[in-house]
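J.: kindly generate the corresponding structure for this input.
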Amino acid sequence: MPTISEKILSRASGKPALSDDFVIANIDYAMAHDGTSVLATKAFREMGAKKVWDPERIIIPFDHIAPANNETAAKLQKNIRQWIKEQGITNFFDVGEGICHQVLPEQGFAMPGKIIVGADSHSCTYGAFGAFATGVGATDMAEIFATGKLWLRVPQTIRIKVDGKLAKGVSAKDMTLFIIKNVGADGANYKAIEYYGETISDLSIPQRMTLCNMSIEMGAKTGIVPPDEKTFKYLEGIARDKYTPVYADEDAKYCEEFNFDVQDLEPQIAIPHEVDNVTGVGTVAGTPIDQVFIGSCTNGRLEDLKIVANILDGKKVKVRTIVLPASRSVLIEATESGIIATLLRSGVIIAPPGCGPCLGAHMGVICEGETCLSTSNRNFKGRMGAGGLIYLSSPETAAASALKGEIADPRELY
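T.: Okay, the predicted model is just below:
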């Protein structure tokens, strides 16, 4: 009767673990980026730790302020580079390699049945590969760096089943926003989510990453898509370890179940300033925008950029449109395939791989009185600067809106 999370945490703790039990779990991989590694290493030193538990199982990408936007950031990054060298950490991905949640899967760290913990709330992205992946604070990460273990409560699990074929112009991001609207921003607080149904099975691996990435926007501890042949094919030749796929028992106990049909779903928009404040695009179509941002750990993958290029091909954007590829690999493939050239000819600004404007660090910050349509995962007030309005959408809607200079329905272009 165990769920996926219960089985993974049982393996990691060495004893049967059911929901609401407390366990000490052995961590498979731990990640902290340039923003959180500063605090984690500070806590690591303050607790008297000298050496990390395993330098080959710690991953540190620089992505949040990459390249550094001022002298303070540059100094902090220099200090972390020195700590990485002292500790002998082998999995360091410096400025330009990409967003942590894209780099880890590309490098084969996201695998079925593993426990992957990141000092970043969107670490649940790796659940797309059947892993128990979750985010923790800097102090918890310091403890993991030192011991390789994490004390946590086993979450109860919500089962979400999605059926129906998504229409042209409607994508996994729209489906995800629709689910968040119905479950609510706090509807899955400290719960695990397992995703099932024909729609989920039909999703590509990048689309599953989009879905699991935003599980935290419902308060979830983790979001998991059971692994299948798509998962195994993605991991061929890149998986860092041997792995064992984990599946819930047929009679697994769930605390809540949701069933959705997305056959007639229209493109969805999250309205400022809450991610679950979601409506169909028709409600807000025609809303003027000042900027479009396409990228982030939610929608900066090659598949997303290809969709945008197909819509913009031979046309010109009417508002400033910033595209950030999620990784160096994505940028190389997009360049070699002609996607980048298409985007540049359409008037798009291409920024280096990283998080950029998503967290209001640099390269696309907006000011009070401005409106941005973004493919990222959060639209909180002040998220991309001290003021301004953020609407969230799919890459399809973002591209169509960039052409009009206002929020637009991408289905009109298909």
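
J.: and the nearest residue to residue 223 once chain neighbours are set aside, how many neighbours?
T.: Nearest residue to residue 223, sequence neighbours excluded (C-beta to C-beta, 6 or more residues apart in numbering): residue 215, at 2.8 Å. In short, each C-beta sits where N, CA and C put it, glycine included. Residues contacting residue 215 under the criterion other C-beta atoms under 10 Å number 31.

J.: contacting residues for residue 215?
T.: When contacts are counted by C-beta atoms under 8 Å, 6 or more residues apart in numbering, residue 215 is found next to 124, 127, 188, 193, 222-223.

J.: go on, residue 412?
T.: Residues in contact with residue 412 (C-beta under 8 Å, 6+ apart) are residue 400.

J.: wasn't it part of a strand?
T.: No: when the secondary structure is assigned by DSSP: H, G, I helix; E, B strand; the rest coil, residue 412 falls in helix instead of a strand.

J.: which stretches in the stretch 301-414 of the chain count as strands?
T.: Counting by DSSP state E, counting those that start in this stretch, the stretch 301-414 of the chain has strands at residues 320-323, 349-350, 371-374, 389-392.

J.: by contact count, what packs against the third one?
T.: Yep, that's strand 371-374 we're talking about. Strand 371-374 sits against strand 291-294, strand 389-392, helix 395-404, with contacts defined as 3 or more C-beta pairs under 8 Å, 6 or more residues apart in numbering; DSSP states H and E.

J.: distance to residue 320, mean pLDDT and mean neighbour count added to the ones you listed, as CSV?
T.: Formatted as CSV, the entries for those read as follows, by distance: least, C-beta to C-beta, whole Å; pLDDT from 0 to 100; neighbours: other C-beta atoms under 10 Å:
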stretch, distance to residue 320, mean pLDDT, mean neighbour count
strand 291-294, 5, 96, 27
strand 389-392, 15, 95, 26
helix 395-404, 9, 97, 27
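
J.: could the ones you listed be laid out in CSV, adding distance to residue 24?
T.: Converted to CSV, the helices and strands packed on strand 371-374 look like this (distance: least, C-beta to C-beta, whole Å):
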stretch, distance to residue 24
strand 291-294, 41
strand 389-392, 37
helix 395-404, 41
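
J.: tell me how far stretch 260-274 lies from the chain's centre.
T.: On the basis of C-alpha atoms, centre = their mean, to the nearest Å, stretch 260-274 is displaced by 18 Å from the centre of the chain it belongs to.

J.: I'd like the mean pLDDT over that stretch, please.
T.: Taken as a whole, stretch 260-274 has an average pLDDT of 96.

J.: quick check: buried residues in that stretch?
T.: Residues of stretch 260-274 classed as buried under the neighbour-count rule (16 or more other C-beta atoms under 10 Å) are 260, 262, 265-272, 274.

J.: next: stretch 301-315.
T.: Neighbour-count burial for stretch 301-315, with 16+ other C-beta under 10 Å as criterion, is recorded at 301-309, 311-312.

J.: what do you get for stretch 236-254?
T.: Of the residues in stretch 236-254, those buried under the neighbour-count criterion (16+ other C-beta under 10 Å) are 239-240, 243, 246-248, 252, 254.
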